[in-house]
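Colleague: All I have is the shape, not the residue letters:
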Ligand SMILES: Cc1cc2nc3c(=O)[nH]c(=O)nc-3n(C[C@H](O)[C@H](O)[C@H](O)COP(=O)(O)OP(=O)(O)OC[C@H]3O[C@@H](n4cnc5c(N)ncnc54)[C@H](O)[C@@H]3O)c2cc1C
C-alpha cells in the first residue's frame with residue numbers, strides 16, 4: 001500500500017553538504033529527512049577497503065575545514081570527531097622543510113616563512129588567520145543588488161582591519177604568483193602553493209584569484225588544521241561525526257532512496273518522488289517548508305525539476321555550465337617494505353621528515369607548472385610529457401592518525417593517494433573514457449612519476465596499485481559529474497557572488513519557492529570548505545523564515561542581509 005510521509009525539510013543527497021545542512025536544520029528543531037541514492041551516506045567523503053586491512057581514500061583526503069564555525073556550532077567533538085585544532089595558535093612553517101625538484105631538494109628560507117605567515121594572517125597582532133579564512137569561505141555571497149568592491153569584499157576588509165600593510169586595491173587583480181612574488185623568495189615553494197591551489201580547484205594563475213587561492217591552500221595546512229589528514233578516520237571519520245550529529249538532533253536518513261522528481265506545485269517545491277526501485281515504501285515524501293537539493297546542479301535542474309517548471313533559456317545556461325576545472329587521478333600503492341626516498345630527496349634533519357611522507361614533485365619552476373596546466377586545462381588532453389615532468393602531490397601513511405592507520409595487514413604498507421591533475425572526462429579531446437581505455441598505461445605512468453623520487457617501487461616490492469580515474473569516480477558517486485570538484489571558479493565573471501549563476505548565488509532557485517541548493521557544484525565556495533555550504537545556506541534559510549536557530553548560532557561578521565528579508569544577524 002502506498003504510504004506518504006511529511007517533514008519540514010526534505011534533503012536530496014547525503015553527501016557532506018546535505019548532511020551538514022541536515023545537522024544545522026535538525027539542531028534548529030525542524031523535522032528533516034535526507035534521501036540518499038547509494039547504499040552508504042557520505043558522498044565523496046568515503047574510505048573504501050578494497051582488500052581487508054587496506055584503507056584507501058578514492059576522493060576527499062585533506063581537511064579543508066580548519067576554520068569552519070561548524071566545529072563549534074555543531075559541536076562535532078561530542079559526536080566522535082577527533083583532531084587537534086586551535087586556529088589561534090600561530091605555528092610557523094617547519095624550517096626543515098624542503099621542496100623536491102628534478103635537481104634534488106631546495107630548502108625553505110626564513111624569508112619564505114615570514115612572507116607566508118604574513119599574508120596568511122599568522123603574524124598580525126592579533127593573528128587573524130581564522131578571520132581571513134572565514135571571510136573568504138564561510139560567508140554567504142552578498143545579495144545580488146550589492147556591487148562588489150574593495151570596501152565590501154570580506155577578505156579585503158579583514159586585511160584592512162588586521163594588516164593594513166598587506167592591503168592594496170591590487171589584491172583584487174593579482175594572480176597567486178603576483179602575490180607570492182611580493183612576499184616569498186623560493187620558486188619551488190611558490191610552485192608548490194600554486195599546485196596545491198590548482199588541485200584544490202582554485203586556479204591561482206588567473207587574475208583576481210590571488211587571495212581565495214592562497215586561502216584554499218592555507219585552510220588545509222597547519223595551523224588551520226593539525227595535519228592535512230590528521231583527523232581520526234580521515235574524511236569519512238569526519239563525515240561519521242557529522243552524520244551522528246544530524247541523527248542525534250533527530251534527522252532521518254534513508255539510503256537506497258534515489259529521488260527522481262522534485263514535486264513543484266504552483267511555483268512551490270512541496271516534496272519529492274522516489275524512483276520506483278527505492279527501498280522505502282513511500283514513494284512521495286512531502287516537505288512543509290523546503291526541499292533542498294544537495295546533489296549535482298545539472299541533474300537537479302535537467303532531470304529532477306522538469307522543464308515545465310523552468311524557463312528554457314535558464315535551463316540552457318545550466319546545460320552550459322562548465323565543469324572544465326580539471327579532475328584528479330588518484331593512486332594508492334601497497335608494498336612489502338615501506339617506500340623510501342632516493343638519497344637526493346631524503347631530508348637532512350631527523351624526525352618526521354626522515355620517513356617517507358609523500359610531498360609534491362617536480363616543483364622546479366612555474367614553467368613546469370604551466371606546461372602541465374597548458375596540456376590538462378588548455379588543450380584538455382591526457383598528459384603527453386615524460387612522467388618525470390608530470391606534477392603530482394601525495395600524502396603518505398605517516399600523515400594519517402597512527403591510532404587509525406591506513407594499513408593493518410602485517411608486514412605491508414599502503415601509501416596514498418598520489419593525485420595528479422588530469423582533464424575532466426567530458427572535455428577530454430580524446431573522449432570521456434580516454435584515460436580508462438588505457439588504464440594499465442596510466443597506472444604505469446603514475447608509478448613512473450612517483451619513481452622519480454622513490455627508490456624501491458620495483459616489482460619485488462610493489463604488491464598492488466589501486467587507481468581511480470575521474471570517470472570511475474563519477475560512476476562510484478552519482479553526485480559527482482566530471483569526477484570533479486569546484487573549489488573556486490576560475491575567472492572574474494564567475495566570482496563568489498556570481499556562482500554558479502548569479503541568480504543562484506544565494507542558493508535560492510528563481511521562480512520556485514521553497515527550493516534551495518546545497519551541493520558543492522551549486523554553491524560558493526563549492527566543495528572546497530567543510531561545512532561552508534551548510535553554514536552559508538543557514539543565513540538564507542533564516543532570511544526566509546524557515547530556520548530559527550538557538551543561541552548557539554552566530555552569523556558571519558561580513559554577511560550583508562537582503563532587503564525585505566529577516567536578517568540572520570540574531571546574535
Ligand atoms: C578526486 C577528488 C579529491 C577530493 N579531495 C578532497 C579533499 O582532499 N578534501 C575535501 O574536503 N574535499 C575533497 N574533494 C571534494 C569533496 O569530496 C566534495 O567537496 C564533497 O564530497 C562534496 O560534498 P557534496 O555533499 O556537495 O557532494 P557529494 O559528495 O557528491 O554528495 C552528493 C550525494 O548525493 C547523492 N545523490 C546524487 N543524486 C541523487 C538522487 N537523485 N537521489 C538521492 N541521492 C542522490 C550521491 O550519491 C551523493 O551521496 C575531492 C573530490 C574529488 C573528486
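Modeller: Nice, thanks for sending it over. Not measured: the values here are computed from a predicted model.
Colleague: where are the low-confidence patches of the chain?
Modeller: Applying pLDDT under 70 to the chain flags residues 1-3, 84-93, 228, 230, 348-354, 485-495, 527, 571.
Colleague: Spell out which residues of it are next to the ligand.
Modeller: Residues of the chain found near the ligand (C-beta under 6 Å from any ligand atom) are 12-18, 35-38, 43-45, 59-62, 64, 258-259, 294-295, 328, 330, 473, 477-480, 483, 485, 519-520, 527, 530. Where C-beta positions appear, they are placed from N, C-alpha and C, glycine not excepted.
Colleague: Okay, helices next: where are they in the stretch 151-300 of the chain?
Modeller: Ranges of helices within the stretch 151-300 of the chain are 154-162, 176-183, 187-199, 210-218, 234-248, 297-299, based on DSSP state H, counting those that start in this stretch.
Colleague: Can you say which of those is packed in most?
Modeller: helix 210-218 (a mean of 27; mean count of other C-beta atoms under 10 Å).
Colleague: Surely residue 377 and residue 322 touch.
Modeller: No: in this structure, residue 377 is not within contact of residue 322 by C-beta atoms under 8 Å, at 11.1 Å.
Colleague: What distance do you get for residue 227 to residue 81?
Modeller: 15 Å (C-beta to C-beta, to the nearest Å).
Colleague: Ok, residue 37 next?
Modeller: Between residue 37 and residue 81 the computed distance is 26 Å (C-beta to C-beta).
Colleague: same thing with residue 483?
Modeller: 27 Å.
Colleague: picking up where we left off before, got a markdown table for the helices of the stretch 151-300 of the chain, with distance to residue 132 too?
Modeller: Formatted as a markdown table, the helices of the stretch 151-300 of the chain follow (distance: least, C-beta to C-beta, whole Å):
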| stretch | distance to residue 132 |
| --- | --- |
| helix 154-162 | 5 |
| helix 176-183 | 13 |
| helix 187-199 | 15 |
| helix 210-218 | 6 |
| helix 234-248 | 22 |
| helix 297-299 | 28 |
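Colleague: For ChimeraX, write the select line for the buried members of the residues of the chain next to the ligand.
Modeller: Remark: buried members of the residues of the chain next to the ligand, expressed as a ChimeraX selection using 16 or more other C-beta atoms under 10 Å:
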select :12,13,14,15,16,17,18,35,36,37,38,43,44,45,59,60,61,62,64,258,259,294,295,328,330,473,477,479,480,483,485,519,520,527,530
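Colleague: a helix runs through residue 118, doesn't it?
Modeller: Yes: Residue 118 forms part of a helix when assessed by DSSP: H, G, I helix; E, B strand; the rest coil.
Colleague: ok, and the closest non-adjacent residue to it?
Modeller: Leaving aside its chain neighbours, residue 118 sits nearest to residue 183 (6.2 Å; criterion: C-beta to C-beta, 6 or more residues apart in numbering).
Colleague: wait, that neighbour sits on residue 113?
Modeller: No: counting by C-beta under 8 Å, residue 183 stays clear of residue 113, with 10.7 Å between them.
Colleague: Only the buried residues of stretch 544-552, if you could.
Modeller: Residues 544, 546-547, 549 are the ones in stretch 544-552 that count as buried (16+ other C-beta under 10 Å).
Colleague: Please apply the same query to stretch 96-108.
Modeller: Buried, per 16+ other C-beta under 10 Å, within stretch 96-108: 97-101, 105-106, 108.
Colleague: Could you do stretch 371-379 as well?
Modeller: Neighbour count says stretch 371-379 has 371-373, 375-377 buried, by 16+ other C-beta under 10 Å.
Colleague: Contacts for that stretch next, please.
Modeller: Residues outside stretch 371-379 that contact it (C-beta atoms under 8 Å, 6 or more residues apart in numbering) are 198, 203, 205, 324-326, 381-385, 389-391, 421-423, 429.
Colleague: among those, which are in helices?
Modeller: Among these, the residues falling in helices (DSSP state H) are residue 198.
Colleague: Return a PyMOL selection command for the buried portion of the contacts of stretch 371-379.
Modeller: The following PyMOL line selects those of the contacts of stretch 371-379 that are buried, judged by 16+ other C-beta under 10 Å:
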select buried, resi 198+203+205+325+326+382+383+389+390+391+421+422+423
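Colleague: Serialize the buried residues of stretch 371-379 to JSON lines and add fields for secondary structure.
Modeller: Formatted as JSON lines, the buried residues of stretch 371-379 follow (three-state DSSP):
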{"residue": "371", "secondary structure": "helix"}
{"residue": "372", "secondary structure": "helix"}
{"residue": "373", "secondary structure": "helix"}
{"residue": "375", "secondary structure": "helix"}
{"residue": "376", "secondary structure": "helix"}
{"residue": "377", "secondary structure": "helix"}
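Colleague: want to try CSV for these, with distance to residue 397 as columns?
Modeller: Formatted as CSV, the buried residues of stretch 371-379 follow (distance: C-beta to C-beta, whole Å):
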residue, distance to residue 397
371, 30
372, 26
373, 30
375, 30
376, 28
377, 31
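Colleague: Contacts only, for the residue in the stretch 251-400 of the chain positioned nearest to the ligand.
Modeller: In the stretch 251-400 of the chain, the residue that lies nearest the ligand is residue 295 (3.4 Å; C-beta to the nearest ligand atom). By C-beta under 8 Å, 6+ apart, the contact set of residue 295 is 12-13, 15, 18, 37, 478-479, 519.
Colleague: Which residue, other than its chain neighbours, is closest to it?
Modeller: Looking at residue 295 with C-beta to C-beta, 6+ apart, the closest residue is residue 13, at 3.7 Å.
Colleague: Cross-check the contact I'm expecting between the one you found and residue 521.
Modeller: No: at 11.0 Å, residue 13 does not count as touching residue 521 under the criterion of C-beta under 8 Å.
Colleague: Quickly list the domain ranges of the protein.
Modeller: Per automatic domain parsing, the structural domains of the chain span 4-49+235-322+486-543, 111-218, 325-478.
Colleague: Just say helix, strand or coil for the residue lying closest to residue 333 once chain neighbours are set aside.
Modeller: Nearest non-adjacent residue to residue 333, counting by C-beta to C-beta, 6+ apart: residue 415, 5.1 Å away. Counting by three-state DSSP, the backbone at residue 415 sits in strand.
Colleague: Contacts only, for residue 415.
Modeller: Residue 415 makes contacts with 332-333, 335, 339, 356, 358, 394, 396-397, 406, as judged by C-beta under 8 Å, 6+ apart.
Colleague: Weed out the non-buried ones from the residues you listed.
Modeller: For the contacts of residue 415, buried by 16+ other C-beta under 10 Å: 332-333, 335, 339, 356, 358, 394, 396-397, 406.
Colleague: Could you single out the nearest of those residues to residue 366?
Modeller: Closest approach between these and residue 366, by C-beta to C-beta: residue 394, at 20.6 Å.
Colleague: Residues touching stretch 262-277, excluding its own?
Modeller: Counting by C-beta under 8 Å, 6+ apart, 10, 12, 35, 257-261, 280, 282-287, 290-291, 293, 300, 304-306, 309, 509, 511-515 sit against stretch 262-277.
Colleague: which of the residues you listed count as buried?
Modeller: 10, 12, 35, 257-259, 261, 283-287, 290-291, 293, 300, 304-305, 309, 509, 512, 514-515.
Colleague: ok, how many other residues are close to the closest residue to residue 191 other than its chain neighbours?
Modeller: If the residues on either side of it in the chain are set aside, residue 191 comes closest to residue 363, at 4.6 Å by C-beta to C-beta, 6+ apart. When neighbours are defined as other C-beta atoms under 10 Å, residue 363 has 27 of them.
Colleague: Repeat that for residue 146.
Modeller: Residues near residue 146, counting by other C-beta under 10 Å: 13.
Colleague: now the one 5 residues further on
Modeller: The number of residues packed near residue 151 is 8, by other C-beta under 10 Å.
Colleague: I'd guessed it sits against residue 161; true?
Modeller: No: using C-beta under 8 Å, residue 151 is not in contact with residue 161, being 11.8 Å away.
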